[in-house]
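A.B. asks: predicted model and sequence below, questions to follow.
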Amino acid sequence: QVQLVESGGGLVQAGGSLRLSCAASGSIVSINNMGWYRQAPGKQRERVALITSGGSTNYADSVKGRFTISRDSAKRTVYLQMNSLKPEDTAVYYCNALVVVARTWENRDFWGQGTQVTVSS
């Protein structure tokens with residue numbers, strides 16, 4: 001199977017920075033889109049940033065200019081650099097990857113376990 005393991009969450013003051021990482025492992029042929037989502041208490045999960053296998057990126061309006069998504073394809077890892085953090089960025093952040101799975105060669109969606117980001121005012 002495929003596993004996504006996130007790291008880098010934590011508690012930071014408003015205006016501070018954090019860097020999230022998500023490493024994929026397992027029965028992987030290739031990885032297409034990778035992205036970061038977040039879910040705050042009482043709210044729906046929303047997409048924060050997306051990066052394609054070709055390196056094209058897309059951001060939610062709320063994080064444009066503050067967050068940067070990148071990937072290291074050789075390491076099968078996606079990163080989210082978060083700067084100028086605001087209290088409203090507080091949420092559980094989830095990594096997502098669209099993976100071509102070995103043996104079946106299916107395109108399947110996988111999710112990480114989530115990492116808490118808390119921004120204090």
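C.D. replies: Now that the structure is in, tell me what you want to look at.
A.B. asks: so which residues of the chain form strands?
C.D. replies: Secondary structure of the chain by DSSP state E: the strands cover 2-7, 10-13, 18-26, 28-39, 46-51, 57-59, 67-72, 77-82, 91-101, 107-111, 115-120.
A.B. asks: export the fourth one to CSV, keeping only CA atoms.
C.D. replies: If I follow you right, that is strand 28-39. The C-alpha coordinates for strand 28-39 follow below in CSV (Å, rounded to 0.1, in the frame of the first residue of the first chain):
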residue,chain,number,x,y,z
ILE,A,28,4.2,3.6,-5.9
VAL,A,29,4.8,3.8,-9.7
SER,A,30,4.5,7.5,-9.9
ILE,A,31,2.9,10.5,-8.1
ASN,A,32,0.7,13.0,-10.0
ASN,A,33,-0.7,15.9,-8.1
MET,A,34,0.3,16.5,-4.5
GLY,A,35,-1.5,19.0,-2.2
TRP,A,36,-2.1,20.3,1.2
TYR,A,37,-5.6,20.7,2.7
ARG,A,38,-6.7,22.0,6.1
GLN,A,39,-9.7,21.6,8.4
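A.B. asks: and the contacts of that strand?
C.D. replies: 2, 20, 22, 24, 45-53, 69, 71, 73, 76, 78, 80, 89, 91-102, 105, 107, 114, 117 (CB atoms under 8 Å, 6 or more residues apart in numbering). From N, CA and C alone the C-beta is placed, and that goes for glycine too.
A.B. asks: buried subset of those?
C.D. replies: Among these, the ones that count as buried by 16 or more other CB atoms under 10 Å are 2, 20, 22, 24, 48-51, 69, 71, 76, 78, 80, 89, 91-99, 101, 114, 117.
A.B. asks: just for this structure, where's the confidence low?
C.D. replies: Within the chain, no stretch has pLDDT under 70.
A.B. asks: spatially central residue for it, please.
C.D. replies: residue 36 (2.7 Å; CA atoms, centre = their mean).
A.B. asks: that one bridge partners, please.
C.D. replies: On the basis of DSSP bridges, residue 36 is bridged to residue 49, residue 95.
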